[in-house]
Every structure is written in structure tokens, then in C-alpha cells.
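Novice: With the input below, show me the fold.
(one chain, ligands or ions: 1)
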Amino acid sequence: MATIGVVDTTFARFNMGKAAIDEIQQNISAKIIRRTVPGIKDLPVAAKKLIEEEGCDIVMALGMPGRKEQDKICAHEASTGIIQAQLMTNTHIIEVFVHEDEAKDENELVFLMDQRSREHALNVVKMLCRPEKMIKEAGTGQRQGFEDVGPARM
Ligand SMILES: Cc1nc2c(=O)[nH]c(=O)nc-2n(C[C@H](O)[C@H](O)[C@H](O)CO)c1C
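Specialist: Alright, predicted model coming up:
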């Protein structure tokens with residue numbers, strides 16, 4: 001049985017880990033190990049520990065960069081750390097960030113955080129258990145959260 005790590009943050013304004021886990025459990029039987037950290041800059045080491053100490057085959061790192069300039073810098077630093085953790089462990093860590101200012105209001109923010117968490121959870125399921133389904137979707141303009149944009153046409 002696959003082991004999937006899920007790490008999210010208390011800074012986020014929606015329970016992204018819960019949504020991701022619910023979606024995984026609706027689709028496959030997997031061992032899920034969850035952690036929650038204060039903020040996105042704490043995600044890389046939490047994900048690395050899930051891989052190295054808990055044997056996770058893949059990890060979801062979910063968080064919400066805020067709307068301030070320092071939050072955007074923080075998001076860039078967190079992303080860099082997540083990429084580094086992937087390279088250090090040779091394991092995918094799927095970054096699921098919803099920037100607070102992507103949404104026009106709180107309703108849309110909740111929708112987007114739930115939907116993106118769930119759609120990336122489905123990506124994780126496919127990457128782990130049904131890689132041929134990912135290949136089928138290559139170049140199809142998938143987006144997680146808002147509508148897919150579809151392939152470009154001549
Ligand atoms: C400025 C800032 N912005 C965010 C953010 O937009 N989103 C988030 O999840 N966390 C933020 N944090 C907190 C850091 O990620 C981290 O939790 C603290 O620096 C403690 O290590 C900080 C410090």
C-alpha cells in the first residue's frame with residue numbers, strides 16, 4: 001500500500017489538508033500521514049521528514065501565501081525549499097499553494113482552496129497509481145481550482 005504524506009499550515013484560511021485527504025480516501029486505499037506546520041516556510045523540512053523518516057512515496061505540501069509583499073517573498077522562498085527537498089530526496093512533493101489574492105472574495109477563496117487541494121490530490125493519486133492517466137492528460141491545459149484552459153489551437 002502506498003504511503004502519502006500531507007502537510008499543511010495553520011496560516012492558511014481553509015483546512016487544505018482535510019480536503020486533500022478526503023479526496024485521496026474517496027479514490028484509493030492508502031496510508032496517509034498528516035502533519036500541520038505554522039506556515040509555508042516550514043513545509044519543506046516537514047515534507048522531507050515525511051519522506052525520510054516516515055517512508056512516504058509522495059507528499060502534498062499545501063499552503064496559502066498571504067496578500068502582502070513579504071508573503072510573496074515568503075512563498076518564493078518556500079517554493080525554492082520545496083524544490084530542494086524534492087531533489088534531496090528524489091521524491092515528488094506536490095506544492096499546492098493558493099495565493100490569498102487569487103480570489104475576489106472569501107467565498108471564492110474557500111472554493112479555490114478546496115478545489116485546488118482536491119484536484120492536486122487527484123494528481124497525486126494518478127502519479128502514484130495511474131501514471132498512464134497523467135500521460136493521457138499531457139498538453140490538455142489542466143488547471144487546479146479554476147476552470148481548465150484546454151489545449152491551444154491553430
Ligand atoms: C511573512 C509570512 N508570510 C506567510 C505567508 O504568506 N504564508 C504562510 O503560510 N506563512 C507565512 N509566514 C510564516 C512562515 O512561513 C513560517 O511559518 C515562519 O517564518 C516560522 O518558521 C510569514 C512569516
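Novice: How much space separates the most centrally placed residue in the chain from Leu112?
Specialist: Nearest to the mean C-alpha position of the chain, by CA atoms, centre = their mean, lies Val96 at 2.8 Å. Using CB to CB, to the nearest Å, one gets 11 Å for the distance from Val96 to Leu112. C-betas here are computed from N, CA, C, even on glycine.
Novice: quick one: strands adjacent to the helix or strand that contains the residue nearest to the centre of the chain?
Specialist: Following DSSP states H and E, one finds Val96 within strand 93-97. If you go by DSSP bridges, strand 93-97 pairs up with strand 58-63 (parallel).
Novice: residue ranges for the strands of the protein, please.
Specialist: 3-9, 31-37, 58-63, 93-97 (DSSP state E).
Novice: how about the second one, does it reach the ligand?
Specialist: No: taking CB under 6 Å from any ligand atom as the criterion, strand 31-37 and the ligand are apart, separated by no less than 6.7 Å.
Novice: Need the mean per-residue confidence for that strand.
Specialist: For strand 31-37, the mean pLDDT works out to 98.
Novice: got the CA positions of it in CSV?
Specialist: Only the C-alpha atoms of strand 31-37 are listed here, as CSV (Å, rounded to 0.1, in the frame of the first residue of the first chain):
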residue,chain,number,x,y,z
LYS,A,31,-1.7,5.0,4.3
ILE,A,32,-1.9,8.8,4.9
ILE,A,33,0.4,10.6,7.3
ARG,A,34,-0.6,14.1,8.1
ARG,A,35,1.4,17.0,9.6
THR,A,36,0.5,20.6,10.2
VAL,A,37,3.1,23.4,10.5
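Novice: which helices and strands sit right next to that strand?
Specialist: strand 3-9, helix 16-27, helix 43-52 (3 or more CB pairs under 8 Å, 6 or more residues apart in numbering; DSSP states H and E).
Novice: Show me what counts as buried in the last one.
Specialist: Of the residues in helix 43-52, those buried under the neighbour-count criterion (16 or more other CB atoms under 10 Å) are 43-44, 46-51.
Novice: cool, and the second one?
Specialist: Using 16+ other CB under 10 Å as the burial criterion, the residues of helix 16-27 that qualify are 16-17, 19-21, 23-24.
Novice: Measure how buried the closest residue to the ligand within the chain is and give me the count.
Specialist: Closest contact between the chain and the ligand, by CB to the nearest ligand atom, is at Gly39 (2.4 Å). When neighbours are counted by other CB atoms under 10 Å, Gly39 registers 17.
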